[in-house]
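Engineer: Here's my sequence, what's the structure:
(one chain, ligands or ions: 1)
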Amino acid sequence: MLAGWAAGRTRALIPGFGQQTWKTPAVIVDSVDTVVIGAGIVGLAVARALALRGREVLILEAAETFGTGISSRHSEVIHAGIYYPRGSLKARLCVAGRDRLYEFCERFAIPHRRCGKLIVATSQDQLAELEAIQAAAAGNGVPLQWLNSAQARTMEPEIVCEAALFSPATGIIDSHSYMFALLADAERHAANVAYHSRVAAMWLENHSILLAINDDERPTLRARMVVNCAGLHATQVAATIEGFPTDCIPRAYYARGHYFALAGKTRFRHLVYPIPEPGGLGVHLTLDLAGQARFGPDVEWIETLDYEVNIERANRFYAAIRRFWPQLGDGQLVPAYAGIRPKISGPGEPAADFRIDGPSHHGVASLINLFGIESPGLTSSLAIGEHVAEIAQGAGLIASSGQQAS
Ligand SMILES: Cc1cc2nc3c(=O)[nH]c(=O)nc-3n(C[C@H](O)[C@H](O)[C@H](O)COP(=O)(O)OP(=O)(O)OC[C@H]3O[C@@H](n4cnc5c(N)ncnc54)[C@H](O)[C@@H]3O)c2cc1C
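Structural biologist: Modelled structure (predicted):
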């Protein structure tokens, strides 16, 4: 809880201490330089980037530990930066974040593998789309190699396709180890985290923000800067800020993606993606670092946050996968898990870009809101951290000196 941070602020906290219980005084009134709301991949990367620049950072996390939200229910793919519109935040932060992430993995010994991926066209009709993907990727500075069917089969003998693109920069990562390392490095630079600390309400002051935590009716904390990294709840958190303009909060949509694991061993060595579908990248084959294959995520628009795996979706998975891997046998798909994308564009609408809204967007000097941080949020996370630090610097909230996160 927040009281835990207040009591332990002079020492680094360690992962797992979420189980600690602290006696909460009736009222705590304390001040901190920066509050980061949410200890997912993005909140941790932002907290680390700010701590590296000498900010006093407190991460407030509603759950009992880090990474229990979107950040534990995804594909763990380090994306190359292929699909996103040129110049968009998704394109820029993915490409920059990808390189930083590989460097970070080497430096902090995070398990990962630059395994590469194939994007396959399974009919003549899809060849034009494959060409468009290659052109979009080139526009983002991501070279993809065109393979004919035979060349693709030398890389993955069991796939069937008309042609494919090979992305050598795509990889996979152990995202829990990554989050652990982000938190540990942030703590080494004097950041702290308080679990069981849900930001319930905020009030704007001239040069700071007041926060109420959990069941507090009155503010118990003052921060000179707040960064809202609350993932699926980011729009709700922004809506709790008394007086914050509602037209600066996008509408939230949720798109669930199911995963099915492949029973038994796989001979695939690369990730295999179809042509993207609206709302997602299409049901693709990903591998974990142990070589286990899983398929997903599909796209199901939902109204409420519900992680149940809808096993009726299995039939669609068999059909989608057999288009590029006809050898998939009946009964080989096992329901695995579901993740939920924090969308800010709805069904049928063009995919929205990441929104990282600083003072120039909403006029509040001490606030940065992150909305719609869906895929490639993991890949982009270190670059998102840098981007937030630059916004804070531009707004005069942090000095220009300090270390850059790498
Ligand atoms: C199905 C799926 C597949 C994906 N695959 C990939 C991929 O392969 N590669 C890739 O690069 N990206 C991928 N992504 C995107 C990536 O997983 C996300 O961008 C990233 O995990 C988002 O992290 P986050 O920190 O913003 O959110 P979260 O991990 O959800 O963290 C937000 C945190 O805020 C906390 N919180 C919420 N409200 C409050 C409050 N009021 N007070 C305090 N704390 C609060 C929550 O408890 C949570 O811990 C995928 C996403 C999905 C859904």
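Engineer: List the contacts of the lengthiest helix in the chain.
Structural biologist: Under DSSP state H, the helix in the chain containing the largest number of residues is helix 89-108. Applying CB atoms under 8 Å, 6 or more residues apart in numbering, the contact partners of helix 89-108 are 78-81, 84-85, 110-112, 114, 140-142, 169, 171, 173, 178, 181, 185, 353-356, 376, 379-384, 386-387, 405-406. Quick note: C-beta positions are derived from backbone N, CA and C, even for glycine.
Engineer: Write the ChimeraX selection for whichever of those are buried.
Structural biologist: Typed into ChimeraX, the line below selects the buried ones among the contacts of helix 89-108, using 16 or more other CB atoms under 10 Å:
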select :78,79,80,81,84,110,112,140,142,169,171,173,178,181,185,353,354,355,356,376,379,380,381,382,383,384,386,387,405
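Engineer: can you tell me which of the contacts of helix 89-108 are up against the ligand?
Structural biologist: Subset of those in contact with the ligand: H79, P376, T379, counting by CB under 6 Å from any ligand atom.
Engineer: among those residues, which are in helices?
Structural biologist: Within these, residues falling in helices by DSSP H are T379.
Engineer: now the ones next to the ligand among the contacts of helix 89-108 in CSV, with distance to A39?
Structural biologist: Output for these, formatted as CSV (distance: CB to CB, whole Å):
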residue, distance to A39
H79, 22
P376, 20
T379, 19
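Engineer: Return the member of the ones next to the ligand among the contacts of helix 89-108 nearest to I41.
Structural biologist: Taking CB to CB as the measure, I41 lies nearest T379 of those, at 9.7 Å.
Engineer: residues touching that closest one, list them.
Structural biologist: Applying CB under 8 Å, 6+ apart, the residues contacting T379 are V77, I78, H79, G81, C94, G97, R98, L101.
Engineer: wait, isn't the first one in contact with S167?
Structural biologist: No. V77 sits out of contact with S167 when judged by CB atoms under 8 Å, with a separation of 10.5 Å.
Engineer: which residues are in contact with both of these two?
Structural biologist: Common contacts of V77 and S167 (CB under 8 Å, 6+ apart): K117.
Engineer: elements contacting the helix or strand where L147 lies?
Structural biologist: Assessed by DSSP states H and E, L147 sits inside strand 145-148. Using 3 or more CB pairs under 8 Å, 6 or more residues apart in numbering; DSSP states H and E as the contact test, the elements touching strand 145-148 are strand 163-167.
Engineer: tell me the contacts of L130?
Structural biologist: L130 is in contact with I119, A121, W146, A163, A164, L165, I275, counting by CB under 8 Å, 6+ apart.
Engineer: R222 touches L210, doesn't it?
Structural biologist: Yes. Counting by CB under 8 Å, R222 does reach L210; the two are 5.5 Å apart.
Engineer: Of those two, which one has the most company?
Structural biologist: Comparing R222 with L210 by neighbour count (other CB atoms under 10 Å), the higher total belongs to L210, at 20 against 16.
Engineer: if you skip the residues just before and after it, what's nearest to that one?
Structural biologist: Leaving out its chain neighbours, the residue that sits closest to L210 by CB to CB, 6 or more residues apart in numbering is P219, at 3.5 Å.
Engineer: before we move on, what about D174?
Structural biologist: That would be P111: by CB to CB, 6+ apart, it lies 4.1 Å from D174.
Engineer: Starting from I172, give me the distance back to that neighbour.
Structural biologist: 9 Å (CB to CB, to the nearest Å).
Engineer: shared neighbours of the two, which are they?
Structural biologist: Counting by CB under 8 Å, 6+ apart, the contacts common to P111 and I172 are L289.
Engineer: List the contacts of I356.
Structural biologist: The contact partners of I356, by CB under 8 Å, 6+ apart, come to L89, I368, N369, L370, I384, H387, V388, I391.
Engineer: Return the subset of these lying in helices.
Structural biologist: L89, I384, H387, V388, I391.
Engineer: can you give me the strands in the stretch 201-350 of the chain?
Structural biologist: Shown for the stretch 201-350 of the chain, the strands assigned by DSSP state E, counting those that start in this stretch span residues 209-213, 221-228, 241-242, 253-262, 271-273, 284-287, 293-296, 300-302, 333-343.
Engineer: These into a markdown table, with extra columns for distance to A150?
Structural biologist: Output for the strands of the stretch 201-350 of the chain, formatted as a markdown table (distance: least, CB to CB, whole Å):
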| stretch | distance to A150 |
| --- | --- |
| strand 209-213 | 60 |
| strand 221-228 | 50 |
| strand 241-242 | 58 |
| strand 253-262 | 25 |
| strand 271-273 | 16 |
| strand 284-287 | 20 |
| strand 293-296 | 23 |
| strand 300-302 | 36 |
| strand 333-343 | 28 |
